[in-house]
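[1] Compute the structure for the input listed below.
(2 chains)
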Amino acid sequence: AQSVTQPDIHITVSEGASLELRCNYSYGATPYLFWYVQSPGQGLQLLLKYFSGDTLVQGIKGFEAEFKRSQSSFNLRKPSVHWSDAAEYFCAVGAQGFGNEKLTFGTGTRLTIIP
Amino acid sequence: DTGVSQNPRHKITKRGQNVTFRCDPISEHNRLYWYRQTLGQGPEFLTYFQNEAQLEKSRLLSDRFSAERPKGSFSTLEIQRTEQGDSAMYLCASSSSGATKGELFFGEGSRLTVL
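    Numbers count the residues shown, from 1 in each chain, chains lettered A, B, ... in the order given. Have a look, this model is predicted:
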């Protein structure tokens, strides 16, 4: 069965600083990988996804993530965070094929931005 | 495009009562998903529909839970004889099988509190 580990429950970053959120997955084949963001009172929004090809993927809001098969990781990065980036971030893995939106999510990382 | 709509946003009920949640997906989306999110956890897959057909149910979905999508448009999730352990956020998401793979559009969720 597939699984996702987000080792950091809470991260605090200064505005303007760089950010890296960690994600490790377990899946028997090449996974579909996603990062979603959840702001208070709002639904989850897709930031970016990886299916195949270039292992560095660009997403919305200036985020990027790198798929590293050897490390089973899909870490999310942003070079300079903004106060509006404060939210909960979820990494997710999906199976290839039909119904690949049946995602397995990690437990999330809460991001706090300090001035 | 008005997004995925869920009602009610918050439901407080006494243990043993029945509750029903409704989800209206994005109109052109043929796939609809239900997830459950408890405090401090990521969303967990419950079930999904392709048009009106319920194609998969998680083992998390006990026989007290039933989901329907009678005309392939809106969906309902009913919980019978609620228990305190059912307290959670119930998330609905939709997607189009012909569009961007793996991108789920989530509603804001329906929060259930069982007293």
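
[2] Centroid-nearest residue for chain A?
    A:W35 (3.2 Å; C-alpha atoms, centre = their mean).

[3] Setting the sequence-adjacent residues aside, check what's closest to it.
    Spatially, and ignoring its direct neighbours in sequence, A:W35 is nearest to A:L47 (4.4 Å; C-beta to C-beta, 6 or more residues apart in numbering or on different chains). Glycine gets a C-beta too; all of them are placed from N, C-alpha and C.

[4] Kindly state the pLDDT recorded for the one you found?
    A:L47 is assigned 95 on the pLDDT scale.

[5] ok, now which ones touch it?
    With contact set as C-beta atoms under 8 Å, 6 or more residues apart in numbering or on different chains, A:L47 has these partners: A:34-37, A:59-61, A:63, A:65, A:76, A:89.

[6] now it: how far from B:L115?
    For A:L47, the distance to B:L115 under the criterion C-beta to C-beta, to the nearest Å works out to 36 Å.

[7] For chain A, which residue gets nearest to chain B?
    A:F105 (3.1 Å; C-beta to the nearest C-beta).

[8] what about chain A, any weak spots by pLDDT?
    Along chain A, the model assigns pLDDT under 70 to residues A:96-101.

[9] Flag every residue of it that's near chain B.
    Counting by C-beta under 8 Å from any C-beta of the partner chain, chain A comes close to chain B at A:4, A:32, A:34, A:36, A:41-46, A:49, A:51, A:90, A:92, A:94, A:99-108.

[10] hang on, A:Y25 packs against A:L33?
    Yes - using C-beta atoms under 8 Å, A:Y25 and A:L33 qualify as a contacting pair, with a distance of 6.6 Å.

[11] Quick check: closest non-adjacent residue to A:G62.
    Among residues not flanking A:G62 along the chain, A:K78 sits closest, at 5.6 Å (C-beta to C-beta, 6+ apart).

[12] Look at that neighbour and say how many residues are nearby.
    Residues near A:K78, counting by other C-beta atoms under 10 Å in any protein chain shown, number 21.

[13] Contacts only, for it.
    Taking C-beta under 8 Å, 6+ apart as the definition of contact, the neighbours of A:K78 are A:18-19, A:61-64, A:85.

[14] measure it to A:Q42 for me?
    The value you get for A:K78 to A:Q42, if C-beta to C-beta is used, is 19 Å.

[15] just A:A65 next, same as before
    21 Å.

[16] and those two? which has more neighbours close in?
    Comparing A:A65 with A:Q42 by neighbour count (other C-beta under 10 Å), the higher total belongs to A:A65, at 26 against 13.

[17] Which strand residues bridge the more buried one?
    With DSSP bridges applied, the residues forming beta bridges to A:A65 are A:V57, A:L76.

[18] Go ahead and confirm it touches A:L76.
    Yes - using C-beta under 8 Å, A:A65 is in contact with A:L76, at 4.8 Å.

[19] got any residues that touch both of those two?
    Taking C-beta under 8 Å, 6+ apart as the contact criterion, the residues that touch both A:A65 and A:L76 are A:23, A:35, A:47-48.

[20] Tally up the residues packed near B:P25, please.
    For B:P25, the neighbour count with other C-beta under 10 Å is 27.

[21] what about it, distance to chain A?
    As for B:P25, its distance to chain A is 12 Å (criterion: C-beta to the nearest C-beta, to the nearest Å).
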